[in-house]
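*Asks:* Sequence unavailable; structure follows:
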């Protein structure tokens, strides 16, 4: 079976209580709380205070938009929730273009209410569950070159981008439109292959004997279109998908609020936090990913590479590329940035077009992509201008203790609390949204890659990111995850049902912190989680 695990969350290290000296005439040393303990507005002037207890807590427009910007934001909101259909759709041509193979039918399916999707739960010992288009998780796929390193990014090596699997793509599309495959009658919704999910459960013992049950996902791929009825590692593996050089990596949808603010952080401020050689010997060696920049390429830039900011491995540089890449990838909807289907010129696609009389080529009768320029602009603007929710319960003593512990444990070694966005920002050669400039924000991320250990590794390189490296996830809004979607899980594959589970999955650069977190008292562990829940 294909066993892929990955994740993301927080940090920790043991804490010594501050004590006074033995001289009774001297006062006890006062605990100094970090500055962010009392911060409420995590997104600066974009912050919303009105939705903290709402299922729509991630879905509010930034509060400092102009009336015309708000109008565009609301148009993008409608586009974000639009469910696409297969082409042609004569009555609703704005909705056609789905597939022919895909993972989901609308943006909201992977980012439910602009947050995380529901985790597919499979009980211990139960049979694996088939992933449908309702699942917010899918598998990245690529061929791993003989060398794990890609030291110099050039046009010849495609700037170290993942190598697509021949006949497939760089993403496994487990669902399809009607007749996507020639054997569709046995399963009308089948895509390139079926993906089944189960979990391996294990127990983790904390200080005091408390036991936490952890689960890691196990994915099983069956019935690929180029070798129907085959199952990975069961009998002959004739499918190109089942060869030894193919790597799989699970990816879960992530929250989409605050993305414009993360995009607006000055590159030099991110690079100032990088320490790839761990020169300060603190065990943390964050580094930037550099990735192919589609906007630069479309402008004929001779070096179309930029710092990566988005995705689980920081493999996209801009909100536009991330959004429109998902539109084409996850849903199979072409657009002005990605004008060809992800599976164009593969045997599956050619066969589909021939059997359906070339009804869905990836462009309309006018030759334009399936999603218009206006649609693309609006949906990008929407996720750039979603408000960051305000913090809660900052006066609670347990929350304040957790904030202090968060600092003492050096969680801020990766989860950098704050940045201030500059003025006159240029993104993809265009002026940034003025509402995002000069904002002091508290995302709690350094935007860098870190080795998180074998427990989370997928062994799959992504530009300069190794199979063990993941981008530090922002923590703002994390405490509202289950308020927005009670079925959501944490980490890149939704495996963690609690924030404590997410902490315990940390390894690599965070291994010492994870081990010492488990040695904290039950009360102090609860305080750390309470602080996180306040964000």
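*Replies:* Perfect, thanks for sending it. All values reported here derive from a predicted model rather than from experimental measurement.
*Asks:* For this protein, spot the helix or strand the model is least confident about on average.
*Replies:* Taking mean pLDDT, DSSP states H and E as the measure, strand 430-431 is the helix or strand of the chain with the lowest mean score, a mean of 71.
*Asks:* Follow the chain on from that strand and name the next helix or strand.
*Replies:* Next along the chain after strand 430-431, taking DSSP states H and E as the criterion, comes strand 440-441.
*Asks:* what does the average pLDDT come to for the helix or strand that that next one is followed by?
*Replies:* Using DSSP H and E, the helix or strand that follows strand 440-441 in sequence is strand 449-451. Averaged across strand 449-451, the pLDDT comes to 97.
*Asks:* isn't residue 174 right next to residue 189, touching?
*Replies:* No. Here residue 174 does not reach residue 189: they are 9.1 Å apart, not a contact under Cβ atoms under 8 Å. Backbone N, C-alpha and C define where each C-beta goes, glycine included.
*Asks:* neighbour-wise, which of the two wins?
*Replies:* Using other Cβ atoms under 10 Å, the more surrounded residue of residue 174 and residue 189 is residue 174, with 26 against 15.
*Asks:* show me the contacts for the closest residue in space to the more buried one that isn't next to it in sequence.
*Replies:* In this structure, residue 174 finds its nearest non-sequential neighbour in residue 195, 4.4 Å apart by Cβ to Cβ, 6 or more residues apart in numbering. Each residue near residue 195 by Cβ atoms under 8 Å, 6 or more residues apart in numbering is listed here: 130-131, 138-139, 172, 174, 219-222.
*Asks:* For residue 195, give the beta-bridge partners.
*Replies:* In this entry, residue 195 is beta-bridged to residue 221, by DSSP bridges.
*Asks:* Could you measure from it over to residue 439?
*Replies:* Distance, residue 195 to residue 439, by Cβ to Cβ, to the nearest Å: 40 Å.
*Asks:* next one: residue 377
*Replies:* 22 Å.
*Asks:* more neighbours, the two?
*Replies:* The residue with more neighbours, out of residue 377 and residue 439, is residue 439; 23 against 17, by other Cβ under 10 Å.
*Asks:* That one against residue 260, yeah?
*Replies:* No. The criterion here is Cβ under 8 Å, and residue 439 misses it with residue 260 at 9.8 Å.
*Asks:* Quick check, pLDDT for residue 7.
*Replies:* Looking at residue 7, its pLDDT reads 32.
*Asks:* Kindly apply the preceding question to residue 502 instead.
*Replies:* At residue 502, pLDDT is 96.
*Asks:* just to confirm, which helix or strand has it in it?
*Replies:* Counting by DSSP H and E, the element that carries residue 502 is helix 499-504.
*Asks:* Show the subsequent helix or strand relative to that helix.
*Replies:* For helix 499-504, the following helix or strand on the C-terminal side (DSSP H and E) is helix 511-517.
*Asks:* Would you mark the buried spots in that following helix?
*Replies:* 512-514, 516-517 (16 or more other Cβ atoms under 10 Å).
*Asks:* Then stretch 81-96?
*Replies:* 82, 84-87, 95-96.
*Asks:* export these to TSV and tack on secondary structure and distance to residue 231?
*Replies:* Output for the buried residues of stretch 81-96, formatted as TSV (DSSP: H, G, I helix; E, B strand; the rest coil; distance: Cβ to Cβ, whole Å):
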residue	secondary structure	distance to residue 231
82	coil	36
84	coil	31
85	strand	31
86	coil	28
87	coil	32
95	helix	35
96	strand	34
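*Asks:* would you turn those into a markdown table with distance to residue 364 and pLDDT?
*Replies:* Formatted as a markdown table, these follow (distance: Cβ to Cβ, whole Å; pLDDT from 0 to 100):
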| residue | distance to residue 364 | pLDDT |
| --- | --- | --- |
| 82 | 16 | 95 |
| 84 | 13 | 94 |
| 85 | 14 | 93 |
| 86 | 14 | 90 |
| 87 | 8 | 86 |
| 95 | 12 | 89 |
| 96 | 8 | 88 |
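*Asks:* of all these, which comes closest to residue 530?
*Replies:* The closest of the buried residues of stretch 81-96 to residue 530 turns out to be residue 82 (Cβ to Cβ; 38.4 Å).
*Asks:* Disregarding residues adjacent in the polypeptide, which is nearest to the closest one?
*Replies:* Per Cβ to Cβ, 6+ apart, closest to residue 82 is residue 106, 5.9 Å.
*Asks:* Pull the number of nearby residues for the one you found.
*Replies:* By the criterion of other Cβ under 10 Å, residue 106 has 20 neighbours.
*Asks:* give the contact list for it.
*Replies:* 80-84, 331.
*Asks:* need the helices for this protein, in chain order.
*Replies:* 67-80, 107-110, 259-264, 267-271, 294-298, 319-331, 347-355, 373-384, 397-408, 481-484, 499-504, 511-517, 522-534 (DSSP state H).
*Asks:* Report how many residues lie close to residue 455.
*Replies:* Neighbour count of residue 455, defined by other Cβ under 10 Å: 18.
*Asks:* re earlier: for the contacts of residue 106, which one is nearest residue 445?
*Replies:* residue 80 (23.1 Å).
*Asks:* which intervals of the stretch 351-500 of the chain have sub-threshold pLDDT?
*Replies:* Applying pLDDT under 70 to the stretch 351-500 of the chain flags the ranges 428-430.
*Asks:* The same query, at a cut-off of 90, please.
*Replies:* Scanning the stretch 351-500 of the chain with the threshold set as pLDDT under 90 gives 358-361, 363-367, 408-410, 424-433.
*Asks:* same thing with the stretch 51-200 of the chain?
*Replies:* Using pLDDT under 90, the flagged stretches of the stretch 51-200 of the chain are 51-56, 87-96, 121, 132-135, 144-152, 183-188.
*Asks:* Surely residue 192 touches residue 175?
*Replies:* No. Using Cβ under 8 Å, residue 192 is not in contact with residue 175, being 9.1 Å away.
*Asks:* quick one: residue 315 from residue 114, how far?
*Replies:* From residue 315 to residue 114 the distance is 21 Å (Cβ to Cβ).
*Asks:* With residue 425 instead?
*Replies:* Plainly put, residue 425 is 23 Å away from residue 114 if you go by Cβ to Cβ.
*Asks:* Which one's more surrounded, those two?
*Replies:* With neighbours defined as other Cβ under 10 Å, residue 425 and residue 114 compare such that residue 114 has more, 24 against 19.
*Asks:* Nearest residue to that one in space, please, no chain neighbours.
*Replies:* Spatial nearest neighbour of residue 114, chain neighbours left out: residue 58 (4.0 Å); criterion: Cβ to Cβ, 6+ apart.
*Asks:* which residues touch that neighbour?
*Replies:* Neighbouring residues of residue 58 by Cβ under 8 Å, 6+ apart: 51, 113-115, 255-257, 386, 389, 477, 480, 484.
*Asks:* now swap in residue 104 and tell me
*Replies:* Residues in contact with residue 104 (Cβ under 8 Å, 6+ apart) are 110, 133, 136, 175, 330-331.
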